[in-house]
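**Q** What shape does this take:
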Amino acid sequence: MTNRALPLLVANWKANLPPGEEVLLAGVIANDARRRGLLPGSLMIAPSALGLVPVASLLQREHASLQIGVAAQDVSALEPGAYTGETPATHLLGIAGAVILGHSERRNLGETSTQIGKKVARAVAAGLRPIICVGDTAREATTEQRYAEVRAQWDELAGSAAQAGCSLTALLEAGTLVAYEPVWAIGSGASADPELAGGMAAAIREGSSDQMQILYGGSVRAAHAAPFFAGVGTSRMDGLLVGGASLSSESLLDIAAALGSAS
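**A** You can find the predicted model right below:
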């Protein structure tokens, strides 16, 4: 893969670790990344809500040269105000530079594409980079059915974002990442076929823009990371969103090394 921007690796820690352990893991990853020569700006970590501030503080204070990005795992669709338990997008400024939105685990809790679109608009207005998750749900679906399901998710959330004042142009200017995560692959230990992922990237770009940046997520492991970057043109992938494998510094940086060899 030549003449392509460095792939981005996003580590989604979900709610697996208490904040103290997240800080310790972030420190181990940073030290190992420096030792293994990780290229600056190629890694982003999404800690839990409680771990977000201490992890960001550690990385900014002690490991700034690595340029490890920090992402939140969700954000409110509401403006700042009397909304108990909500996290307004503007409150993340100076802590996180990006936010994961629309993950299937959030959708499983009842979140809709319309709600996700409103959150996307809030994130972009606040100056955050959205990482928008979309994915098909049926393991045995046809390729056409998968494309249709994902395109429907995208069309609904993009329409909702536009109604809230966030156009496609604004999404592109914000550096939006769309993460294709086949729901049936998450946590299964078996990722989607790279050719399917490349076709899905092309389908998403067809419904948005050729310039949209696409990640793949779903049981990513180092041994099968590189083939996702064989695609060219609209089927190209721009990085990976990693869940379980990101909870180990060794496995995460092995994936980073695989991405480096593919770039």
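**Q** what ranges do the strands span in the stretch 51-200 of the chain?
**A** Assigned by DSSP state E, counting those that start in this stretch, the stretch 51-200 of the chain shows strands spanning 69-72, 98-101, 129-134, 177-180.
**Q** Can you report how many residues lie near Gly41?
**A** Using other Cβ atoms under 10 Å, the number of residues around Gly41 comes to 13. C-betas here are computed from N, CA, C, even on glycine.
**Q** that older thread, for His91, find the nearest of the strands of the stretch 51-200 of the chain.
**A** Set against His91 and scored by Cβ to Cβ, the strands of the stretch 51-200 of the chain come closest in strand 69-72, at 9.6 Å.
**Q** Show me how far that closest one is from its chain's centre.
**A** 10 Å (Cα atoms, centre = their mean, to the nearest Å).
**Q** Quick check: closest non-adjacent residue to Pro88.
**A** Leaving aside its sequence neighbours, Pro88 sits nearest to Pro80 (Cβ to Cβ, 6 or more residues apart in numbering; 4.3 Å).
**Q** For the one you found, grab phi and psi.
**A** phi -60, psi 140 (degrees, to the nearest 10).
**Q** before we move on, what about Gly51?
**A** Note on Gly51: backbone dihedrals following degrees, to the nearest 10 are phi -90, psi -10.
**Q** need the contact list for Leu240.
**A** Residues near Leu240 by Cβ atoms under 8 Å, 6 or more residues apart in numbering: 7-10, 215-217, 220, 225, 228, 255, 259.
**Q** Which strand residues bridge it?
**A** In this entry, Leu240 is beta-bridged to Leu9, Tyr216, by DSSP bridges.
**Q** change the start of the numbering to 7 and stick with it
**A** Understood, numbering begins at 7; the last thing we discussed is Leu246.
**Q** Report the separation between it and Val126.
**A** To Val126, Leu246 is 21 Å away according to Cβ to Cβ, to the nearest Å.
**Q** Surely Ala208 and Met218 touch.
**A** No: between Ala208 and Met218 no contact is recorded; they are 10.5 Å apart, counting by Cβ atoms under 8 Å.
**Q** Which one's more surrounded, those two?
**A** Comparing Ala208 with Met218 by neighbour count (other Cβ under 10 Å), the higher total belongs to Met218, at 21 against 18.
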